[in-house]
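Visitor: Okay, predicted coordinates and the sequence, questions at the end:
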Amino acid sequence: MTALVTTVHPESLKELLPHNSASSLVDQFGRHKHKLRISLTDRCNFRCSYCMPDQPEWLAKKDILNFEELLKFATVMVSMGIRHIRLTGGEPLMRQGVVHFIQSLSALKKSGLQRISMTTNAYYLKKYAHDLKLAGLDDLNISMDSINPATFLKMTQRPLKPVLDGIQAAVDASIPVKLNCVIVAGQNEHEIVELTQWAYQKNLPLRFIEYMPLDAPTHWQASKVITEDQIIATLASHFHIEKQHRLNDPATIYQLSPVSDHPLNSVNRPFELGIISTISKPFCQTCDRLRITATGELFTCLFANSGTVIRPLLQQDNTPLLQQMILQAVWHKKAGFIAQQQAPVRKISMHAMGG
C-alpha cells in the first residue's frame, strides 16, 4: 500500500485563505479540492439495497438546507477553488425548486465555476430535462444497474421504462449523459456484457462501480464485490480493451471496440468504459472531492465517520469564520478508504450523503 506524502504544513492554513485561487482547499496530504457534491434531499423513490436502509426515516423540511443557504455555501466554495459542482440526493429531482437553483448556480460561472452536474435515477427526468438544459446544467450521471426490466425492478423496486424515457429526454435536450452501474454479485453481475453492449449502441459512456461498504457493514460482504479485474475479464471475449492513462477521475478508463465478428462492429466507433474500483484498487491519493449533506454537514471523505456542521455559520453573516472552518475541515481530511479498509460508523446513511 502506497503511503500519501504530506506536502503542506498546518501553520500555513492562514496563508491559504481564498484569493480566487485554486489552491485554497488543500488537505494534509497535499490533495487539492476542486469538486463539490451537494445533497439536495435525503428522499428517494428508489429502494436500492446498497444505498437505502430497509426503513428510511426522512428528514423534516426544516432540517434541510434551504436554497439561500446552499447558494451562500456554493459561492464561498467557488471563491476557495471549487470548479465543479454536482447535485445529488437522495434523488435531486424530488426537491422542488431544483431548476431555479441551477439557474442561480449558473451565475457563479462568472466567478470560476466551470461545470454544474447532477446525479439522478432519471425516473422524473422526462419532465425536467428541457428546463434543466435551459437552466445551465452541463451533464448528467444516471444510475442504472440493469437494462433488464426484471432485474431492475428487483434491485430498485421501481420499473425501468420511466428511466429509459428520462435518458431519451436528456439526449433529446442535448444534455451529455453518463451511466453509473453498481455491480453486486448475485444480483446483476451476469448482465455486465448486456449493459455494456446496450450503452455502446446508444453511445452513452458507462461506469461500473464496485459494491462499497457505506451504510450497512453488517449487510455488506466482500464476497458480493465484483472487482475491476473481474469486470474486464468478463468483457474481454466481446471487446478489444485498451486501458487509458489515469487522471484525477475516480474511474479507470478503458476504450472498447467490439471484436471483428461482433454485430456491434458495424457501429465503427470507440466506446468509453470506466470502472470505479474503490475496494480492489483504491484511488484515494488523487481524491479532489468534498461533500455537503442535505442538513449542512461538510464531509471531506465518503468513508468519514463524521462531518463538520456548518449550517449555523451559513445562517450568520460571518464569511471569514466559515472559510476558516472549511479550511480546517479540509486540512484534517484523512487518507481515506485506502488506509482504513472498513465501513464507516455513523448515523447518516448513503442516501442522505449524495455518493
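Guide: Perfect, thanks for sending it. Residues are numbered from 1 along each chain as shown.

Visitor: Name the spans of the stretch 251-355 of the chain whose pLDDT lies under the cut-off.
Guide: Along the stretch 251-355 of the chain, segments meeting pLDDT under 70 span 261-268, 337-355.

Visitor: quick one, strands of it?
Guide: 252-258, 271-276, 289-292, 297-299, 308-309 (DSSP state E, counting those that start in this stretch).

Visitor: for the ones you listed, which one sits closest to residue 151?
Guide: strand 271-276 (19.6 Å; CB to CB). Where C-beta positions appear, they are placed from N, C-alpha and C, glycine not excepted.

Visitor: got any ranges where this structure has weak pLDDT?
Guide: Using pLDDT under 70, the flagged stretches of the chain are 1-23, 214-220, 261-268, 337-355.

Visitor: tell me the helices in it, going along the chain?
Guide: For the chain, the helices defined by DSSP state H cover 67-79, 98-106, 125-135, 149-156, 161-172, 192-202, 228-235, 311-314, 319-331, 337-340.

Visitor: Out of those, which is closest to residue 285?
Guide: Nearest to residue 285 among the helices of the chain is helix 337-340 (7.1 Å), distances taken as CB to CB.

Visitor: any chance of the helices of the chain in JSON lines, plus distance to residue 90 and mean neighbour count?
Guide: As requested, the helices of the chain are exported to JSON lines (distance: least, CB to CB, whole Å; neighbours: other CB atoms under 10 Å):
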{"stretch": "helix 67-79", "distance to residue 90": "14", "mean neighbour count": "19"}
{"stretch": "helix 98-106", "distance to residue 90": "11", "mean neighbour count": "18"}
{"stretch": "helix 125-135", "distance to residue 90": "15", "mean neighbour count": "19"}
{"stretch": "helix 149-156", "distance to residue 90": "14", "mean neighbour count": "16"}
{"stretch": "helix 161-172", "distance to residue 90": "16", "mean neighbour count": "18"}
{"stretch": "helix 192-202", "distance to residue 90": "24", "mean neighbour count": "19"}
{"stretch": "helix 228-235", "distance to residue 90": "27", "mean neighbour count": "18"}
{"stretch": "helix 311-314", "distance to residue 90": "18", "mean neighbour count": "18"}
{"stretch": "helix 319-331", "distance to residue 90": "23", "mean neighbour count": "17"}
{"stretch": "helix 337-340", "distance to residue 90": "23", "mean neighbour count": "18"}
